[in-house]
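Novice: 3D model of this:
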Amino acid sequence: MSRSRSRSSHRWRGLLTVMVVVLGAGVALYGVWRTTNAARTADGSSPLTVRYRTDTPATTPVGRPWLEVVNTSDQPVELHKVTLRYYFSDDGGAGYAANCLQTALRCSSVTQVVSAMPQPATTATHYLRVGFTSAAGTLAPGQTSQGIGLQLYRLDRKNLDQADDRSFDPALSSYAPSTRVTGYVDGVLLWGEEPDGAPPAASPRPSNAPTGTLFDNFHYTDVADPAVTANGWQARTDGGGPGIDSTWSADAISFPANRKAQGGQVLQLQVTTDGTRQGTRQAELIGVDNTFLTGTIAARIHFTDKPADGRNGDHVIESFCTISPESTSERYNELDFEYQPNGGWGAPGPKLDTTSWRSAAQGDRTTRALNRSLAGWHTLMITAVDGTVTYSVDGKPVFSSGGKTFPREPMRIHLNTWLIDLPFAGQRTWNMQVNWIYAVDGKAVSAAQVQRAVDGFYKNGVSYINTTNRQ
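Specialist: Below is the predicted model:
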């Protein structure tokens, strides 16, 4: 990916950093609920209090429940034993997702799972289960978790209708106790009123990734979602190479639903062009932290051999790379997967180039091409251990390099799609999709081990975690 590129520090000044705030008011309608059977202390009070506020109206693209856990007992409470449930009603069979926006506990220690009620109630067909990993720590008596900002949204990106949601209350724009959100410790209801048909709360399993782990399943509302920036990603918007100069656009990045993807949502990187530089838009999402040096890094990616619309024939690159932050560094390194459905640089396609760079200089590399179509979903993996870099596709090694190409300094993650040139006129669109990304420091793991770890994150509601020591 280093061909004719500019990797100096100026490329970072143009990256997108945005925040979204939705304000408003609305009306909540509630059904009939059974009396709470929450466990009580000797004086009749609850040992746990859940406080709630919201800053969104009843009709909104993204719901924003903010929750706070207060330990009102005289004993410490380990947060990994605590779960919360926020109840809402389904809007016409839509799929839902959630993510963490902001918390003093770090969003990587907060889990979110959306589940359907086994016996739907009028205002509670689903609930958002919020949990914590052991990294969240312990609440001392009287201590509060402080606010936990969450986002709830429809995968089809239509507006939420929160007016008939059990836990939504537009009157609470400041934190106040809400019994329409339930709280549990070790599966025992200690706060709030469960709706009829609420499933019993199983004892939560502590969920905690070992040190040196990165995972993201890209459950974001859009590129302007503050959680994108909070989790260390930025959309490229500056000039420079590779590809068509000065055509990088944040608008080319989205997070659509995809039923064939694990978890039902993906990162989409789109190229559009009419054959002119002015009419071209390329996409790149970059990890700001120097995340990867040695170990294993993997991503599940959907490559395509045909444009989503328009004439085929572009020399398009669909790419997953790790790259030194400064192109002039004496310890520069870069590890690339670059899929070219129609070939490029004088070589026919479809082909996948696997390349280890010793510096950003033209030709200072070792590379090999896998000459076959990779249209569809594939797990791409790079392991860098014991002086050897190995590139694998779906668990099968396709290339190895070593010596001067072995990583010498931490690298940033780059996910992008771009055009080598503009060979003809006419409108066309190319889409590359990424389901998830996973990395573990310092050790080689198999593709099966990667998938088991990823499955565990999905099962436990972990959308993002970063315990690497270079964040």
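Novice: Grab the CA positions of stretch 153-161 and hand them over as CSV.
Specialist: Listed next in CSV are the C-alpha coordinates belonging to stretch 153-161 (Å, rounded to 0.1, in the frame of the first residue of the first chain):
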residue,chain,number,x,y,z
TYR,A,153,-30.8,2.1,17.5
ARG,A,154,-32.5,0.2,14.8
LEU,A,155,-30.3,-1.6,12.3
ASP,A,156,-32.4,-0.3,9.4
ARG,A,157,-31.6,3.2,10.6
LYS,A,158,-35.3,4.3,10.9
ASN,A,159,-36.4,6.4,13.8
LEU,A,160,-37.1,4.8,17.2
ASP,A,161,-40.6,5.2,18.6
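Novice: ok, and the helix or strand in this structure with the lowest average confidence?
Specialist: Across the helices and strands of the chain, mean confidence by mean pLDDT, DSSP states H and E is lowest for helix 10-13: a mean of 34.
Novice: The nearest residue to Gln262 once chain neighbours are set aside and Asn217, how far apart?
Specialist: Distance criterion C-beta to C-beta, 6 or more residues apart in numbering; nearest residue to Gln262, sequence neighbours excluded, is Asn435 at 5.6 Å. Heads up, the C-betas are built off the backbone N, CA and C, glycines and all. Computed with C-beta to C-beta, to the nearest Å, the distance linking Asn435 and Asn217 is 7 Å.
Novice: So which of those two has more stuff around it?
Specialist: Set side by side, Asn435 and Asn217 show more neighbours around Asn217, with 26 against 22, by other C-beta atoms under 10 Å.
Novice: Got the domain ranges for the chain?
Specialist: Taking automatic domain parsing as the domain assignment, the record places the domains of the chain at 48-191, 209-466.
Novice: follow-up on the earlier one: how about the residue nearest to Gln262, phi and psi?
Specialist: Asn435 has phi and psi values of phi -80, psi -50 when expressed as degrees, to the nearest 10.
Novice: these two touch, right, it and Arg300?
Specialist: Yes. Using C-beta atoms under 8 Å, Asn435 is in contact with Arg300, at 3.9 Å.
Novice: overlap in contacts of those two?
Specialist: Applying C-beta atoms under 8 Å, 6 or more residues apart in numbering, one finds that Asn435 and Arg300 are jointly contacted by Ala261, Gln262, Trp377.
Novice: Could you check the pLDDT of Ala28?
Specialist: As predicted, Ala28 sits at a pLDDT of 31.
Novice: pretty sure Ala163 contacts Thr60?
Specialist: No. With contact defined as C-beta under 8 Å, Ala163 does not reach Thr60; the gap is 10.7 Å.
Novice: Looking at the two, which has the bigger crowd around it?
Specialist: Thr60 (20 against 16).
Novice: any idea how far that one lies from Tyr458?
Specialist: Look at Thr60 and Tyr458: by C-beta to C-beta, they are 26 Å apart.
Novice: How are the helices of the chain distributed by residue range?
Specialist: Here the chain has its helices, by DSSP state H, at 10-13, 226-230, 447-460.
Novice: Any chance of JSON lines for these, columns mean neighbour count?
Specialist: Formatted as JSON lines, the helices of the chain follow (neighbours: other C-beta atoms under 10 Å):
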{"stretch": "helix 10-13", "mean neighbour count": "14"}
{"stretch": "helix 226-230", "mean neighbour count": "21"}
{"stretch": "helix 447-460", "mean neighbour count": "16"}
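Novice: Show me what the nearest residue to Asn371 once chain neighbours are set aside bridges to in the sheet.
Specialist: Once its chain neighbours are removed from consideration, Asn371 has its nearest residue in Lys351; the separation is 4.9 Å (C-beta to C-beta, 6+ apart). According to DSSP bridges, the residues that bridge with Lys351 are Gln340.
Novice: What is the neighbour count of Lys351?
Specialist: Using other C-beta under 10 Å, Lys351 has 19 other residues around it.
Novice: Repeat that for Pro170.
Specialist: Neighbour tally, Pro170, other C-beta under 10 Å: 17.
Novice: now do Thr103
Specialist: Close neighbours of Thr103, defined as other C-beta under 10 Å, add up to 22.
Novice: Can we start the residue count at 23 from this point?
Specialist: Right, with 23 as the first residue, what we last looked at is Thr125.
Novice: so it sits right up against Gly171, yeah?
Specialist: Yes. The pair Thr125 and Gly171 qualifies as a contact (C-beta under 8 Å) at a distance of 6.5 Å.
Novice: pretty sure Leu70 is touching Thr94, no?
Specialist: Yes. With contact defined as C-beta under 8 Å, Leu70 counts as touching Thr94 (6.4 Å).
Novice: Give me the more crowded residue out of these two.
Specialist: When neighbours are counted by other C-beta under 10 Å, Leu70 and Thr94 differ, and Leu70 comes out ahead with 25 against 20.
Novice: quick one: pLDDT of the closest residue to the more buried one other than its chain neighbours?
Specialist: In space, Leu70 comes closest to Leu212 once its chain neighbours are excluded; the distance is 4.2 Å by C-beta to C-beta, 6+ apart. At Leu212, the predicted lDDT confidence score is 95.
Novice: Check the gap between Leu212 and Val104 for me.
Specialist: Counting by C-beta to C-beta - Leu212 and Val104 are separated by 9 Å.
Novice: quick one: common contacting residues for those two?
Specialist: Counting by C-beta under 8 Å, 6+ apart, the residues touching both Leu212 and Val104 are Leu70, Gly205, Tyr206.
Novice: got JSON lines for those, with pLDDT and distance to Glu340 too?
Specialist: As requested, those are arranged in JSON lines below (pLDDT from 0 to 100; distance: C-beta to C-beta, whole Å):
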{"residue": "Leu70", "pLDDT": "94", "distance to Glu340": "48"}
{"residue": "Gly205", "pLDDT": "97", "distance to Glu340": "45"}
{"residue": "Tyr206", "pLDDT": "96", "distance to Glu340": "44"}
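Novice: Please narrow these to those residing in strands.
Specialist: Within the shared contacts of Leu212 and Val104, membership in strands is found for Leu70, Gly205, Tyr206, as judged by DSSP state E.
Novice: residues near the last one, how many?
Specialist: Neighbours of Tyr206 under the rule other C-beta under 10 Å: 26.
Novice: roughly how far apart are it and Thr76?
Specialist: Here the criterion is C-beta to C-beta. By it, Tyr206 lies 22 Å from Thr76.
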